[in-house]
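Enquirer: Generate coordinates for the sequence data below:
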Amino acid sequence: MPLIAIALASCSGGGSSLAEESFISGDGSISYIKNSDRSAAPRLSGMTLAGKNYSFKGSQVAVVNVWASWCAPCRAEAPTLAALSEKYPDVAFIGILTRDNPVNAEAFVRRFALPYPTLIDDSVLIGFRKSLPANAIPSTVVIDKKGDVAARISGEVTVASLSDLIEKVRAE
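Expert: This is a model prediction of the structure:
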């Protein structure tokens, strides 16, 4: 539970719920991990927002984005994530919804035309505690082809920041 509290105590949404009031936005800092220092990513599987079972099989680069519909930086980065998921079809994009209600989250996915699955069990975040805990919402993790956590962006991604990480990890 402490990791979840840390992970969820991180985004300013300016709304009225306790979840929204307890979050602060990440600063956009980027962490890249040398191959020798990487830890295995958790198993990424579970029920999606669309009501389907999903399981990431690995062996390809993946981008995992933790988000909530009420989070302003999440709304700001959604078009970038959607565009990059189309630009890099060989990279798996996976969302993790946190502390949000499904109706609002579904509207968010439709509004921004997110073409990738979003897991609705934020307990997956606990699995990142040994590598790069999600300490801000949004938080984006890049997983290498071996299934290890290679990088994280704490806060809103940009086209340049995420493209650079994807390119670097794909080239390994």
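Enquirer: a helix runs through residue 36, doesn't it?
Expert: Yes - according to DSSP: H, G, I helix; E, B strand; the rest coil, residue 36 belongs to a helix.
Enquirer: What ranges does the chain have for its helices?
Expert: 2-8, 18-21, 72-87, 102-112, 159-170 (DSSP state H).
Enquirer: which residue is nearest the middle of this structure?
Expert: residue 65 (1.2 Å; CA atoms, centre = their mean).
Enquirer: Look up which residues are beta-bridged to it.
Expert: Beta bridges link residue 65 to residue 95, residue 140, judged by DSSP bridges.
Enquirer: Would you check that it makes contact with residue 138?
Expert: Yes - with contact taken as CB atoms under 8 Å, residue 65 and residue 138 are classed as touching, separated by 6.1 Å. Glycine gets a C-beta too; all of them are placed from N, C-alpha and C.
Enquirer: which residues of the chain score low on pLDDT?
Expert: 1-28, 130-135 (pLDDT under 70).
Enquirer: let's see it at 90
Expert: Across the chain, residues meeting the criterion (pLDDT under 90) sit at 1-31, 39, 57-59, 98-99, 121-137, 154-155.
Enquirer: ok, the closest residue in space to residue 61 that isn't next to it in sequence - contacts?
Expert: Of all residues not flanking residue 61 in the chain, residue 91 sits nearest, at 4.8 Å (CB to CB, 6 or more residues apart in numbering). By CB atoms under 8 Å, 6 or more residues apart in numbering, the contact list for residue 91 reads 60, 61, 62, 63, 85, 166, 170.
Enquirer: measure the fifth one to residue 129 for me?
Expert: The reference is to residue 85. 26 Å (CB to CB, to the nearest Å).
Enquirer: ok, the two, which is more surrounded?
Expert: Taking other CB atoms under 10 Å, residue 85 and residue 129 do not tie; residue 85 has more neighbours (19 against 16).
Enquirer: Perfect, I'm done here.
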